[in-house]
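> what's the 3D shape of this:
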Amino acid sequence: MLPYSPTARYRSAESDNLRRTGCAPRTRVELLQRLEDWAGDEDSPHVYWLNGMAGTGKTTVAYSFCESLKESGQLAASFFCARRLPECRDVNRILPSISYQLSLFSSPYRHALSKVLGCHPDIHHDSLTEQFDKLIAEPLQEVGHTLPKNLIAVIDALDECDNWNGASTMIDVLLSRSRNLPVKFFVTSRPEPRILDLMLDERYRNSRLELRLHEIDEITVHGDIWTYLSAELGRYMTLNAVNIDILTQRSGVLFIYAATLVRYIGYDNFSRAESRLQQILNAASYQASTSIRDIDMLYTTILKSAFDNAELDDLERREMTDVLGAIICIGEPLTVDALAGLLGYQNGKTVLNSLRPLLSVVQVTSETQLVTTLHESFPDFLLDQSRSGKYYCNASYYHQHLAQKCLYLFKVLNPPFNICNLQSSYLLDVEVIGLKTRIDAVVSAQLCFLTKRYLLWLEIMNLNQQVHEAARSLHTLRSWLLLTRILAHIASGSADGSIKIWDARTGRTTGEPLGGGIGSISAIAYSPNGEYIASGSRDNLVRIWSIRTGLIVGTIKCHSRWIRSVNFSPDGTYIASGSDDCTVCIWNADTAAKPSKRLKGHTGSVSTVICSPNSEYVVSGSSDKSIRVWSSRTGQMVGEPFRGHTDSVCSIAYSPDGAYLASGSQDCTVRVWNMTRRKELGEPLRGHTQPVIAVAYSPNGAYILSCSSDYTLCVWNVRSQKLVGQPLIGHQREIGSAVYSPDGAYIACSSKNVTIHIRETTTAHSFSQHEKYHEYSTSCITYSPDGVHVASGTQRHNIGIWDAQTGEAVRDPYRGHTDTINSIAYSPLASVLHLARAIVRFASGTPRRG
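Numbers count the residues shown, from 1 in each chain. I've put the predicted structure just below:
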């Protein structure tokens, strides 16, 4: 039997619990007409892609389109993906569900499908390509002449599937294999990179139409939102046109903003509508310039109203925080009682009371008592500290907290073997009379949740018909173990022209060195997925290496002089490099055949190149005293160069949110630049008496770290632009570089002296250990991704691994290079810092005032 997902149909019973509805009357009229025109045109492309950013109303449009198609007899099938529902986020259920619905729509198709299933009963376990050919294409080709014209199958929110490879394969299959079929496909999704790349592939230019919701004329969208707000709020309260105009402007192009606003104002049957409306109208004194600021402002207002209520005591506020953190981090629906049991509450009343002030953004279904977030934009907001501020949800903390709760609960519940007391193992479950009653009596929602997460009790998963979840979890576990194995590697580039990959646990190299005789390696960088390394060398070439094969997969010939810096973009789509030839090059990471952009403008050596957190920009610093910002897409310089330094720029760093840039220079100053306003923020930060070699932002973006040839380290408050306490002193030689630990609690820095120092600034406790290992200048340093270790490379060809808390050597040095190690990196997300020389030094990164 095909694994059909009934809850994925657009009008399934679950759609009400998900608050899935169509467009309000007299809204989206022009858009829906365009879709209907495509649906009615026999010669139109066979795939229509509606894409839009989170909250722009894709699902609402898809729902209304389904209604229209159903009325005209053109709706062949629908599958609405939903991250909250396991069977609606499984990409392998889409094609079987569509074929099942087609079989209900057409008797001839049902007969043709039956023949296919008779020959291929396990087809739903095959690849998506094979599924499409057997379940969709072959039956349709056989009976197409019996079907009505212009049938449409709708797939909504494809980006919410939990298998990205499967989602992109689905797009590829639809574009390449649905031509000439009597059914066309309407697909909606966010413009995620993998989907976007396929949809815009030139091979499929004539196979699809595209419409971007977030790029529709704002006047049209605002008109629709104005109509929606006027209708929804006007039924319960008197609103003047000015207020509706303000709310419409705040919504931008995000219908989710407008819908959330209506729910917030309408809380408790509009009993406090006027006061809540005023809270929204008075939430800020400035006119926001972007939609994300608007929705952030709305969520902040809702959370402020909930958490800053003076009537709450500390315990109630803590319970609200824990409940909300659990919902965000669990990431799928859980009943009120299950949440209560997991968090250790006596009953679900505590959970319900905690959620009452949050019902504008968190949903509790009336029938099943399932708790979910209303929209993905809300978890996105809470998990981004730069947006949510004091309401930030620390996912690392809550995952650890929930894991401990789960283990404790398992100990308390202690489920026995044969929990349902079955008399025989020879009977099938369906043959056991009253089995469901037994299961309901002994398998609680908490236990069901635990067994899925820990794979400890397959018996219970089988009783709950969740064996497929066990298979998925095993696959996830395998992927995690593979990733863990990748994470445990260190790459080092040396002046001997080789790159070595080391197992961080054993200190042994893995396979043969990469390269050899290719020129001194000056810089290396891991790709975000940890599968590739980019290296820059003094032979003027950038090379891309496969970690798995050890082979060069691309050689980049762009520069004519020594390459000083190389970096992968955070999204992994391109590589940026800077050289002594005064140019910056941007390369497509997939092809690397020729530079997609060669950026000219600097008149001096390009000393450093970095990418913005959103990958949209490349920033370069140069000995010509300027900083330039380039568009990674067009290669054009964005605005005028940042000028202000009076000597060479040595180092630049982006703030975590991409809003600011810090730079250190030979002129002994640190400068901060506002990336939006395109100008320097305040005055230069002065405190060093020698060149500033390196700068770094703290992970929370609140502080800037700078190190200098004057033997000191400074921590600066970004907001006040003041030095925090006094410069950290104690080094006896110049500091070459410094880096924050991933959690921001510690700083590792390097200098020429031959000892390792650890300073606990929070307690003013300081001591030194005289380790003689690094008796020669350290050339590079980096933290492990988990912050447990620090790796350093020396000019004497060795790599040291140090305990980040104590400064003690973890194991013997890694030996193998025959010349200076110039660059070092952990896989896959560690930072690569290039140091002039030195030893390792540690200081607590928690600022203190002196």
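> Would you confirm that residue 244 contacts residue 226?
Yes: between residue 244 and residue 226 there is a contact at 5.9 Å, judged by C-beta atoms under 8 Å. The way it works is simple: take the backbone N, C-alpha and C, and place the C-beta from them, glycine included.
> Which neighbours do those two have in common?
In terms of C-beta atoms under 8 Å, 6 or more residues apart in numbering, residue 244 and residue 226 are not both contacted by any residue.
> Kindly state the domain boundaries assigned to the protein.
Using automatic domain parsing, the domain parsing of the chain gives 6-216, 217-305, 309-413, 415-483, 518-638, 644-729, 739-850.
> Would you reformat those as CSV and include mean pLDDT and mean neighbour count?
As requested, those are exported to CSV (pLDDT from 0 to 100; neighbours: other C-beta atoms under 10 Å):
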stretch, mean pLDDT, mean neighbour count
domain 6-216, 92, 19
domain 217-305, 79, 17
domain 309-413, 85, 17
domain 415-483, 70, 14
domain 518-638, 83, 20
domain 644-729, 87, 20
domain 739-850, 52, 20
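> quick one, what contacts residue 208?
Taking C-beta under 8 Å, 6+ apart, one finds 45-49, 175, 199 in contact with residue 208.
> Now it: closest residue in space that isn't a chain neighbour?
residue 47 (4.1 Å; C-beta to C-beta, 6 or more residues apart in numbering).
> and the one you found, what is it in contact with?
Residue 47 touches 174-175, 178, 184-187, 204, 207-209, counting by C-beta under 8 Å, 6+ apart.
> Among these, find me the one that's closest to residue 338.
The closest of the contacts of residue 47 to residue 338 turns out to be residue 187 (C-beta to C-beta; 33.8 Å).
> Please confirm that that closest one is located within a strand.
Yes: assessed with DSSP: H, G, I helix; E, B strand; the rest coil, residue 187 lies in a strand.
> For residue 711, give me phi and psi.
Phi and psi for residue 711, reported as degrees, to the nearest 10, are phi 80, psi 10.
> Please disregard the earlier target; I meant residue 184.
Dihedral angles (degrees, to the nearest 10) for residue 184: phi -100, psi 160.
> Which residues does it form beta bridges with?
residue 152 (DSSP bridges).
> Give me the distance between residue 392 and residue 679.
Separation of residue 392 from residue 679 (C-beta to C-beta, to the nearest Å) stands at 29 Å.
> go on, residue 190?
In terms of C-beta to C-beta, residue 190 sits 33 Å off from residue 679.
> Please enumerate the helices of the stretch 501-650 of the chain.
Assigned by DSSP state H, counting those that start in this stretch, the stretch 501-650 of the chain shows no helices.
> just the strands in it please.
514-515, 521-526, 532-537, 541-546, 552-557, 563-568, 574-579, 584-588, 597-599, 606-611, 617-622, 626-631, 642-643, 649-654 (DSSP state E, counting those that start in this stretch).
> what is the orientation angle of the third one with strand 574-579?
Between strand 532-537 and strand 574-579, the angle comes out at 10 degrees (axes from the mean of the first three to the mean of the last three C-alpha atoms, to 10 degrees).
> same for strand 532-537, what does it pack against?
With contacts defined as 3 or more C-beta pairs under 8 Å, 6 or more residues apart in numbering; DSSP states H and E, strand 532-537 has these neighbours: strand 514-515, strand 521-526, strand 541-546, strand 563-568, strand 574-579.
> go with 7 Å
strand 521-526, strand 541-546, strand 563-568 (3 or more C-beta pairs under 7 Å, 6 or more residues apart in numbering; DSSP states H and E).
> That one pairs with which strands?
According to DSSP bridges, strand 532-537 has these partners: strand 521-526 (antiparallel), strand 541-546 (antiparallel).
> Could you check the angle it makes with strand 584-588?
Angle, strand 532-537 to strand 584-588, by the same axes, to 10 degrees: 150 degrees.
> ok so, going back, put together CSV for the strands paired with strand 532-537, with distance to residue 790 on each row.
Converted to CSV, those look like this (distance: least, C-beta to C-beta, whole Å):
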stretch, distance to residue 790
strand 521-526, 17
strand 541-546, 24
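> ok, and the closest non-adjacent residue to residue 236?
residue 270 (4.3 Å).
> Of the contacts of residue 47, which is the nearest to residue 605?
Once C-beta to C-beta is applied, the member of these that ends up nearest residue 605 is residue 204, at 43.3 Å.
> Surely the closest one is in contact with residue 175?
Yes: the pair residue 204 and residue 175 passes the contact test of C-beta atoms under 7 Å, sitting 4.3 Å apart.
> Could you check how far residue 168 is from residue 615?
In terms of C-beta to C-beta, residue 168 sits 18 Å off from residue 615.
> ok, which stretches of the stretch 201-350 of the chain are helices?
218-234, 241-251, 255-265, 267-270, 273-281, 291-307, 314-330, 336-343, 349-355.
> of all those, which lies closest to residue 421?
Relative to residue 421, the nearest member of the helices of the stretch 201-350 of the chain by C-beta to C-beta is helix 336-343, separated by 22.5 Å.
> tell me the angle the closest one makes with helix 314-330.
Going by the same axes, to 10 degrees, helix 336-343 makes 100 degrees with helix 314-330.
> and helix 336-343, what does it pack onto?
If you count contacts as 3+ C-beta pairs under 7 Å, 6+ apart, helix 336-343 packs onto helix 314-330, helix 349-355, helix 395-413, helix 445-454.
> Would you convert these into JSON lines that also reports distance to residue 157?
JSON lines is the format used below for those (distance: least, C-beta to C-beta, whole Å):
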{"stretch": "helix 314-330", "distance to residue 157": "19"}
{"stretch": "helix 349-355", "distance to residue 157": "25"}
{"stretch": "helix 395-413", "distance to residue 157": "23"}
{"stretch": "helix 445-454", "distance to residue 157": "23"}
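> and of those helices, who's closest to residue 792?
Among the helices and strands packed on helix 336-343, if distance is taken as C-beta to C-beta, the winner is helix 395-413, at 25.6 Å.
> any idea of the angle that closest one forms with helix 336-343?
90 degrees.
> now helix 395-413, how far from the chain's geometric center?
Mean-position distance between helix 395-413 and its chain equals 24 Å (C-alpha atoms, centre = their mean, to the nearest Å).
> ok, now stretch 230-238?
How far stretch 230-238 lies from its chain's middle: 37 Å, per C-alpha atoms, centre = their mean.
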